[in-house]
Each structure stands twice: as structure tokens, then as C-alpha cells.
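Participant: this one's sequence-less:
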């Protein structure tokens, strides 16, 4: 591996220009038009897009993404089906797959990493694969150039943060609160705290997700972080049937708020 | 101790590990340290030993079954965990974990439950130790085990219904883990079986080893040695690990009995869910399959990692029985010995009964992990 991959390069460029990164999350296989939603999110100013591959037992996810998972799975969504749809889908921004470790483990780590790379996916987030267990997967991902993004949580001790930042690729994902994914009324103070703690120990881009659900919250935490991941708010729009235009409009709101503030 | 300790990171061979969100990693590390220290602390040992004898009623006896033995043509011995306070082996584990939680300064016990036995045991420990208790239970199980739901509430616990997925034990664990992610700084997750992230499989086994330790001595007294076969039902596998631990270094054959609809060892391939690598019923893409068993306590698509290891190394073997065979065994023990078993250990008996010819003339120690009071309502409907 030489130099940063597409995800990190993109986020560094955004940061270097004084802006903040915006990474919306789209549940793969949710509705027949989900790839159009990915394209709409890109057109609306996303820096990268997370593609959720549904898993039957998503312990890090709250009700919104659980429901999206269930709906996608019940209509026959599969990891290979989702990756097939991504192949050749040139949206102009890097794609990051988010799923759970068993999906990669079952496929075989090398095979799954190759499948991601072969579908044009640049990065991967596996929220139930912590630092001590990430080795075999990270090696397989590194070998194909897929950037493995690690999470740091409010409970992570100080001495552990640099180790996570060092092993992470693309960016470091700061978990904004103690809890699962989902929109909250207010931004937790822990979101800003984890961003500050990470920024103090790494030059890698730091994005905060989990509990970042409105443009105002995105701006607030981006005073401390290099950007945000927005999941449940986007997925709720998909569940509500807003379609690609509706999701694109929401991504635009986040983009405009961040661009106005920074 | 006769079962080997896991290696670094909680590995039993290729199984085990600690596959949890980063938020929970520090809590697992803290728990590992607290447990390791407590277990060698004489104060903790005295507290636990006193509770086990004076509160839970240990030691539990081993009962000879003359009538049924004659009917089956073998010598059947039952380790009577059904006689424990709260009606199952689950109390052994929750008293240990409850004391540990108190040492760690936690005020709230969080648990999942299938049949409700672990939930009742946890609610009991919380009441005893003056702690709050929240138990997650699948919607299907809430319906088929309403007596235990009432019991938990009577003991002061809050019972939350898990309505996602298959609405059984697997989903109750998902919900409990989500709660834990949100409340990790104040709650103690009191996991009910030898599963989950390290150190749970090792810690829960350690708290259940009392079953095997007692049974080994009791068999020595009754048989002048070890039984030919030691068998137990396996869902997550805590009662089986408990009794296996007393005989792992002996010549006894170790047999775990799974429900046909939840046979993780029998039908699964290695996978990672709920914190560890183990055999798992899953589809070709890695989606976890829904188990289907008459027994809410065994209605789980996974199994504790050490069982996967014992299966892979051949030290134990795993068989499965059908719901129909279980219903027959439930009635058989009730009628012949005056002991109404829980549906979970009825699986082990169903295997013994089915394999009576192969087991002819041999001594069989069966872990009767719980009593059947909780299942009587369900059986009334089935047998009507």
C-alpha cells in the first residue's frame, strides 16, 4: 500500500479547502431505486457515501436502520446482489460499505475484500470488529486497497485512541454518543468531546456519526470534527418513500449548512 | 478445573474472541480484570459459597432413577439442578455475576432471557442484592412463558419485549446488547450462558463448574467412579459446560443434545454473532437463521464457543432430537420418576430414550438443568 486511498484523499481535500466532510448512509437493497438514491446523494454534495449491506442482527443499529434492514432483506437483498448493483455505478465520489463482520467472515475475508474492490467500493466499516480482532480482515482489505475505517467511542480510553487512529484507513469514525444509531433531539456533548480527543492524537480525517441527525447538529459537531456521517435521518427519508429526489434534497440541506458555516 | 482455559483474547482454538462494538470493549476489559481478581479473592469466594449453599440450596443431589432405568435398560442418574432456588442451574451464574456487579459498583443488572429461567434468576439476584433489573425477552417467549414474565415482575424487574426479528432469544440478546451500548457506564450485562464476548464464556463456565465438581464426587460415591456417559441439553450451553467440566479429564463420553430446529453444532458453520466466533445456523450470505424449537430456552441459532471447540476437537459430541421426542421424554420422566422436567433437559432425556439400545447396560449421568413448572401451561395445550 502506498499513500492514502480514495476516501482519505477526498476527505483531506475537503478539509484542506476549509470545508467539512459529509458522508450520508444509504441502505443497500432498500427499494428498487436505491442506486438512484446513491446517485442523488452524490449529486447533492456528499463527499463519500456509505452503503449499508443489511445484516440480520445489527446490534449497533437503532429502530430506523433495523427496519430498513428488515425491509431490504425481506425483499431479497443480498450482499452480492448489492455489490453487483454498485459495480459500474459511477457516482463520482468514493463508496464505503458498512455491514457486520459475519457478512465478510461468511464470504471469506479475501473474497469479500476482492468483491468490494471489484465493485468499485473504496472503504469498509465493520462496527462489531474492534481493534484486537481486526487484523485478519484489515490485512485482506489492505491487500486490495480497500480502506478499513475503525470506530472510536466515548468509552475508549485515551491510551487506546492513537492505536485505533493508526490502524484506521480513510478516516476515523468517532461514535457521537453512548448508544445505537438513530436521530436524537439534541447533539450529545460526547460528540464534540470524542472529536476533540481524536483530533488531538491524529492527522487523519475525523468524522463523527451516530446521533447526528440534523444540519444544525452537523454544523455544531463539525466545529470540532472534520465532518459527519449521517445515517438514520437519511434512511428515514428512504423509509418514508421520499425517493431519490427527497433524499437528495435532505443531503443538500446538510451540504448547504456545512458550506455556509465553514 | 478440567477444561482448558482459553488463550489470549478468549480463544478456544479458532472459536471465541471479542467481537463487540468499540463502545463495549473497555467494559469487557474491565469485566475480565474484575472477574479475575474476584475469583481468587477469598472474600468473594466466601460470599458466593455462602449464597450458593444458604440461598440457592446447593449442593444439588444426584438421584438414581430405578424405574426409568429398568424401562430403558441402563443406569440413569440425574443431577438435580431443578431443585435449586428459582428452579434451574441459572442461579449459579447470576449469584456470581450479581456479586461481581456489586463489587464493580454497578446498580443495574441487564439480562436477556429465552424461557425466562435466566431472567427469573437475574431478577432474583437483583432483588437479593438491592439492584435494579431489566430483562429483555422475545415477544414469542413472553407469550409462551407468561408465568415467568409474571415472576420477574413480582421480583421487581422490568421486562421489555423484543419485537424484532424472530422475536425469541436471539432478538432478546440483540436488544440487551443495544441497551448495554447505551448504558455501559451504569449497567452490568448479566449474560445467561457460556456465550458472548470474552470473558463471558469463561466466566459463566467458571460459575457453572460447581455442577460438575459436585457431580464428580457424587458419582464417585454412587458408582465408585465416573459414569460411562455424561449428557446435557445445549442451547447456549451453560448447563452442559457446567457438568462437562467435572468429567472432561475422565473417560466419560460427553454428549450435548441440541433441538433439531436449533442445532448450531449439528447444522451450523462457523460464524460471528453476539460477540464470539462459534458454530452458527446461517444462510450462504451470513444472515443468521431463525431457530425453531418447542423449548424457548434452546431456541437459539448459535452456541457457546467452547462447545464448538469441544465438538471440533472431538472431546464432546452433539446430537439432536425433535420436538416430538422431547414431548414424549417430558411425559416419560414425569410418569416413571415423579419428576416433571423442564423442556430443556427433556432434550437430553429424549436422546437417552431414543438411544437406549446403544446405551444398554451403561451408566448415564444427565444434567436435569431445570424443573418443568414453567412449561406446564404450554404442555397442557400440546397434550390437550
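Facilitator: On my side now, so go ahead. Everything numeric here is computed off the predicted structure, so don't read it as measured data.
Participant: list the helices and strands the top helix by length along chain B packs on?
Facilitator: Longest helix in chain B by number of residues (criterion: DSSP state H): helix B:200-223. Helix B:200-223 sits against helix B:25-39, strand B:62-64, strand B:75-80, helix B:90-103, helix B:238-244, helix B:305-313, strand B:363-368, with contacts defined as 3 or more CB pairs under 8 Å, 6 or more residues apart in numbering or on different chains; DSSP states H and E. Glycine gets a C-beta too; all of them are placed from N, C-alpha and C.
Participant: among those, which is nearest residue B:6?
Facilitator: Closest to residue B:6 of those is helix B:305-313 (CB to CB; 7.7 Å).
Participant: CSV for the helices and strands packed on helix B:200-223, including distance to chain A and mean pLDDT?
Facilitator: Putting the helices and strands packed on helix B:200-223 into CSV (distance: least, CB to the nearest CB, whole Å; pLDDT from 0 to 100) gives the following:
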stretch, distance to chain A, mean pLDDT
helix B:25-39, 5, 97
strand B:62-64, 39, 98
strand B:75-80, 33, 98
helix B:90-103, 17, 98
helix B:238-244, 21, 98
helix B:305-313, 13, 98
strand B:363-368, 29, 98
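Participant: out of these, which one sits most buried?
Facilitator: A comparison of the helices and strands packed on helix B:200-223 by mean neighbour count, using mean count of other CB atoms under 10 Å in any protein chain shown, puts helix B:238-244 on top with a mean of 31.
Participant: skip the chain neighbours and tell me the closest residue to whatever residue of the stretch 1-150 of chain B ends up closest to chain A.
Facilitator: Closest contact between the stretch 1-150 of chain B and chain A, by CB to the nearest CB, is at residue B:23 (3.9 Å). Leaving aside its chain neighbours, residue B:23 sits nearest to residue A:153 (3.9 Å; criterion: CB to CB, 6 or more residues apart in numbering or on different chains).
Participant: excluding covalently adjacent residues, which one is nearest to residue B:151?
Facilitator: Spatial nearest neighbour of residue B:151, chain neighbours left out: residue B:120 (5.0 Å); criterion: CB to CB, 6+ apart.
Participant: residues in contact with the nearest residue to residue B:209 once chain neighbours are set aside?
Facilitator: Among residues not flanking residue B:209 along the chain, residue B:245 sits closest, at 4.5 Å (CB to CB, 6+ apart). Residue B:245 makes contacts with B:1, B:2, B:3, B:205, B:208, B:209, B:211, B:212, B:213, as judged by CB atoms under 8 Å, 6 or more residues apart in numbering or on different chains.
Participant: going by distance to residue A:82, which of these wins?
Facilitator: For the contacts of residue B:245, the nearest to residue A:82 is residue B:205 (39.0 Å; CB to CB).
Participant: number of nearby residues for the closest one?
Facilitator: Residue B:205 is flanked by 26 other residues according to other CB atoms under 10 Å in any protein chain shown.
Participant: need the contact list for residue A:3.
Facilitator: Counting by CB under 8 Å, 6+ apart, residue A:3 touches residue A:9.
Participant: that one and chain B, how far apart?
Facilitator: As for residue A:3, its distance to chain B is 26 Å (criterion: CB to the nearest CB, to the nearest Å).
Participant: that residue is in what secondary structure piece?
Facilitator: Of the helices and strands defined by DSSP states H and E, none includes residue A:3.
Participant: how about residue B:159?
Facilitator: Per DSSP H and E: residue B:159 is located in strand B:158-162.
Participant: got a list of what the residue of the stretch 51-200 of chain A found nearest chain B touches?
Facilitator: Residue nearest to chain B within the stretch 51-200 of chain A: residue A:106 (3.1 Å; CB to the nearest CB). Contact partners of residue A:106, counting by CB under 8 Å, 6+ apart, are B:269, B:271, B:282, B:284, B:285, B:286.
Participant: same question for residue A:84.
Facilitator: Residue A:84 touches residue A:119, counting by CB under 8 Å, 6+ apart.
Participant: on that earlier part again, pLDDT-wise, what's the bottom of the contacts of residue B:245?
Facilitator: Least confident entry in the contacts of residue B:245, by pLDDT: residue B:1, with 52.
Participant: what residues does the stretch 151-262 of chain A put near chain B?
Facilitator: The stretch 151-262 of chain A comes close to chain B at residues A:151-157, A:160, A:164, A:175, A:178-180, as judged by CB under 8 Å from any CB of the partner chain.
Participant: what parts of chain B come near chain A?
Facilitator: Checking chain B against chain A by CB under 8 Å from any CB, the hits are B:9, B:17-27, B:164-165, B:170, B:174, B:177-178, B:181-185, B:269-274, B:277, B:280, B:282, B:284-288.
Participant: tell me which of those fall in strands.
Facilitator: With DSSP state E as the criterion, strands contain B:17, B:18, B:19, B:269, B:270, B:271, B:272, B:273, B:277, B:280 from among the residues of chain B next to chain A.
Participant: reformat those residues as JSON lines; add neighbour count.
Facilitator: Output for these, formatted as JSON lines (neighbours: other CB atoms under 10 Å in any protein chain shown):
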{"residue": "B:17", "neighbour count": "23"}
{"residue": "B:18", "neighbour count": "24"}
{"residue": "B:19", "neighbour count": "25"}
{"residue": "B:269", "neighbour count": "12"}
{"residue": "B:270", "neighbour count": "17"}
{"residue": "B:271", "neighbour count": "23"}
{"residue": "B:272", "neighbour count": "26"}
{"residue": "B:273", "neighbour count": "27"}
{"residue": "B:277", "neighbour count": "25"}
{"residue": "B:280", "neighbour count": "27"}
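Participant: the residue of the stretch 251-384 of chain B at minimum distance from chain A: neighbour count?
Facilitator: Proximity of the stretch 251-384 of chain B to chain A (CB to the nearest CB) peaks at residue B:286, 3.1 Å away. By other CB under 10 Å, 26 other residues sit near residue B:286.
Participant: hmm, it is touching residue B:271, no?
Facilitator: Yes. Residue B:286 lies in contact with residue B:271 (CB atoms under 8 Å); the separation is 6.6 Å.
Participant: ok, so what distance separates residue B:202 from chain A?
Facilitator: Residue B:202 sits 16 Å away from chain A, going by CB to the nearest CB.
Participant: what's near enough to touch the residue nearest the centre of chain B?
Facilitator: Against the mean C-alpha coordinate of chain B, by CA atoms, centre = their mean, the closest residue is residue B:238 at 3.3 Å. Contact analysis of residue B:238 by CB under 8 Å, 6+ apart lists B:89, B:90, B:93, B:192, B:193, B:194, B:204, B:205, B:208, B:304.
Participant: nearest residue to it other than its sequence neighbours?
Facilitator: Excluding its sequence neighbours, the residue lying closest to residue B:238 (CB to CB, 6+ apart) is residue B:193, at 4.4 Å.
Participant: that's all I had, so thanks and see you.
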